[in-house]
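Undergrad: show me the folded form of this:
(2 chains)
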Amino acid sequence: MVNGNPIIEGLIEAIELIVTLNPQVVEITIRSLYISLTATFFAALIALPIGALIYFYDFRGKHAVVSTLQTLYALPTVIVGLVVFLMLSNIGPFGFLRLLYTPGGMIAAQTVLIIPLLMGLTVSALSGIDRDKRYTITALGASRLQTVITIIAEARFAVMAGVLLGFGRAIAEVGTVMIVGGNIRGATRVLTTAIALNTSMANYSLSIALGIILLAVALGVNIALSLVQRR
Amino acid sequence: MMAIIEAHEITKVYGNLRVLHDVDLSVGKGEILALIGPSGSGKSTLLRILDLIEPANSGELSVFGIDVVQERGRWLDLRRRMGMLFQRPIVFNASVYDNVAMGLRYRGASGDVIDRKVKEALEAVGLSRYIKSKATDLSGGEQQRVALSRVLVTDPEILFLDEPTANLDPTSTATIERIVTGLNRELGMTVLISTHDLSQGQRLAHRIAVMIDGTIAQTGPSHEVFREPKDRRIARFVGAENIIPGRVVSRSNGFTVVEAHGRQMLSATPPPAEEVEMVVRGEDISLHRREPGHEEAENRFPATVTGIEPTAPFVNVTVHCGCDLVALMTARRAEALGLHEGMQVWVSLQAKAVHLIARGGKDR
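TA: A predicted model of the protein is given here:
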């Protein structure tokens, strides 16, 4: 009776798929990592300097900007997917780039998705440098630029933790990649969309295999996070 | 002595909170000045303003003879001639070496100079073995010594110390005090230290400034501040146990006669007003089993012991003689007198030890 259970069978087959490095599993995993890592890289490139600017410059409405960013941490992925889809479609302003249903479009969508998170976490990482430390830097004779550099260097681990969290959010989300990527086999299919599709097709073993890999990536991110935070 | 810092009517406001007002202070070159006062009296804020870490809201300030209110553009250069050590040990998430090198790197010192100075400074505070350790792994006392070396390698002409030993063990405190007094004696470094520890202020400083409620209430040599506080708040802060309201009735032979609770007392202070308060330090009051001779002190009267409170190695003895007086004596002396509650004793008190302040007068 146990042998007939499709869940147990699926689990056993899933482990086989991973151990034997099934080409489809490997391909989807590599694509997923490539898209989310690239998106995290671009998001960091944009969000870290802007986050630092928000922290270092006093301007009217600064508090509102930071609150808005924090609200956008929970931005629904399908909303981002919809907006980016419209932007990249033929009727949108960026239709000419022909990025819809390509990995490039998915990278753009995930970049947009995690920019608020990275920006907000950069601001809070820098805010974590307490007043006495900033006084100390000033008292030691730092110029304005030297102060900025010292504070960023001091907050490096907290900033890195923010980037890791951003990557975790990107690789685990399904909304934007489904809408913008279209889940095309061999082209835009990633871990999350493949799990969604194969589960609805009762292809449990492949789903479970991809699920295990996704969990392993999440676990890896968490281990890296705790290592960084211990510094 | 040339004034290296000259502050006049400094005011500082945070939001609705007035932290400093009417602060006048002059610090001589080569002087150690202790800023004493209760927590929250504005000592730290004043030090930050003098070190040009933040600007005052109003007032005049000159440092090294330069009017810093006019010359905002020179703050960085001036700040680089000063240094400050904070109350909480502050180290950065880097090696001890990199921590100590920070100020020198900001000043663009060459690698060789940095290397030599950092090693010398760590040697001086006894932390050479930790040169490659991560600074955040050290104990609080060690971190504070790292912070001190980090300030000292920049050879400041004025050193600000903001309650530098408030969180430290006695050994680290002694090390820091020894280094600071040494630098002052050998290099003529000007030192401003804020502390709520009266004995530390007395031990280190040439002069004391008492800060109360956001302003400097009195400045002078420590014995003067301790024996002749200008008003009630200062008297309380410097630990005068007895503040007794009275009334000046006459003046004779250089003494002021004050009546309090039906008893007349002699004071060597000229009367500041008619309504006065007598400020008497507990250690200036002597208790005797028999009536002492007139050579002992000008004020002698009988009293009853009403309370004995040990504060090792001393005891506070409360006696009643119309009003309550608290006498401070060694536990050994109290034992020798065989003091117990209800016992009749004689009190003797020199006229010089009875300091008079105007009653109700709070201002300078």
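Undergrad: centre-most residue in chain A?
TA: Ranked by distance to the mean C-alpha position of chain A (Cα atoms, centre = their mean), the top residue is A:A170 at 2.6 Å.
Undergrad: which residues touch it?
TA: Listed by Cβ atoms under 8 Å, 6 or more residues apart in numbering or on different chains, the contact partners of A:A170 are A:35-36, A:39-40, A:43, A:110, A:113-114. Where C-beta positions appear, they are placed from N, C-alpha and C, glycine not excepted.
Undergrad: on the three-state scheme, it is what?
TA: Using DSSP: H, G, I helix; E, B strand; the rest coil, the structure places A:A170 in helix.
Undergrad: nearest to chain B, of the contacts of A:A170?
TA: A:T40 (23.6 Å; Cβ to the nearest Cβ).
Undergrad: can you list the weak-confidence ranges in the chain?
TA: Just going to use chain A. Chain A contains residues with pLDDT under 70 at A:1-3.
Undergrad: that's the other chain; I wanted chain B
TA: Short version for chain B, where the test is pLDDT under 70: B:1, B:361-364.
Undergrad: for chain A, what are the nearby residues on it?
TA: B:48, B:51, B:53, B:76, B:79-80, B:82-84, B:86, B:88, B:90, B:92-94, B:102-103, B:106-107, B:147, B:150-151, B:154, B:160 (Cβ under 8 Å from any Cβ of the partner chain).
Undergrad: ok, and what's touching stretch A:217-231?
TA: With Cβ under 8 Å, 6+ apart, stretch A:217-231 has contacts from A:32-33, A:157-158, A:160-161, A:164-165, A:167-168, A:171-172, A:191, B:93.
Undergrad: again, only this time at 10 Å
TA: Contacts to stretch A:217-231, defined as Cβ atoms under 10 Å, 6 or more residues apart in numbering or on different chains, come from residues A:29, A:32-33, A:36, A:156-169, A:171-172, A:191, B:93, B:134, B:136.
Undergrad: buried subset of those residues?
TA: A:29, A:32-33, A:36, A:157-169, A:171-172, A:191, B:93, B:134 (16 or more other Cβ atoms under 10 Å in any protein chain shown).
Undergrad: now go through the residues you listed and say which are in helices.
TA: Of the buried ones among the contacts of stretch A:217-231, the ones assigned to helices by DSSP state H are A:29, A:32-33, A:36, A:157-169, A:171-172, A:191.
Undergrad: from the residues you listed, list the ones also adjacent to chain B.
TA: A:157-158 (Cβ under 10 Å from any Cβ of the partner chain).
Undergrad: A:T68 touches A:G120, doesn't it?
TA: Yes: applying Cβ atoms under 10 Å, one finds A:T68 in contact with A:G120, separated by 8.9 Å.
Undergrad: ok, those two, which is more surrounded?
TA: Shown here are A:T68 and A:G120; by other Cβ atoms under 10 Å in any protein chain shown, A:G120 has more neighbours (23 against 12).
Undergrad: now that one, what's its secondary structure?
TA: Recorded secondary structure, A:G120: helix (three-state DSSP).
Undergrad: how about the nearest residue to it, chain neighbours excluded?
TA: A:L69 (3.8 Å; Cβ to Cβ, 6 or more residues apart in numbering or on different chains).
Undergrad: contact residues of chain A facing chain B?
TA: Going by Cβ under 10 Å from any Cβ, the residues of chain A near chain B are A:129-130, A:132-144, A:146-147, A:150-151, A:153-158, A:231.
Undergrad: those in helices, which ones?
TA: Using DSSP H, the residues of chain A next to chain B in helices are A:132-139, A:144, A:146-147, A:150-151, A:153-154, A:156-158.
Undergrad: how is chain B partitioned into domains?
TA: B:3-227, B:233-358 (automatic domain parsing).
Undergrad: need the winner for burial among those domains.
TA: Each of the domains of chain B was scored by mean neighbour count; the highest is domain B:3-227, a mean of 19, by mean count of other Cβ atoms under 10 Å in any protein chain shown.
Undergrad: can you show me the helices along chain A?
TA: A:6-19, A:23-56, A:62-72, A:77-88, A:103-127, A:131-139, A:144-154, A:156-172, A:175-176, A:191-200, A:204-230.
Undergrad: next, the buried residues of the fourth one.
TA: Applying a neighbour-count criterion of 16+ other Cβ under 10 Å, one finds A:77, A:80-85, A:87-88 buried in helix A:77-88.
Undergrad: give the contact list for residue 184.
TA: Because you didn't say which chain, this covers chain A. Counting by Cβ under 10 Å, 6+ apart, A:I184 makes contact with A:101-102, A:193.
Undergrad: actually, chain B is the one I wanted.
TA: B:30-32, B:159, B:190-191, B:204-206.
Undergrad: any idea how far chain A is from it?
TA: 19 Å (Cβ to the nearest Cβ, to the nearest Å).
Undergrad: tell me how many other residues crowd the nearest residue in space to A:F56 that is not next to it in sequence.
TA: Using Cβ to Cβ, 6+ apart and skipping residues adjacent in sequence, the residue nearest A:F56 is A:V148, 5.9 Å away. Residues lying near A:V148 (other Cβ under 10 Å) number 17.
Undergrad: my read: A:V148 touches A:I129, true?
TA: No: with contact defined as Cβ under 10 Å, A:V148 and A:I129 do not form a contacting pair (11.1 Å).
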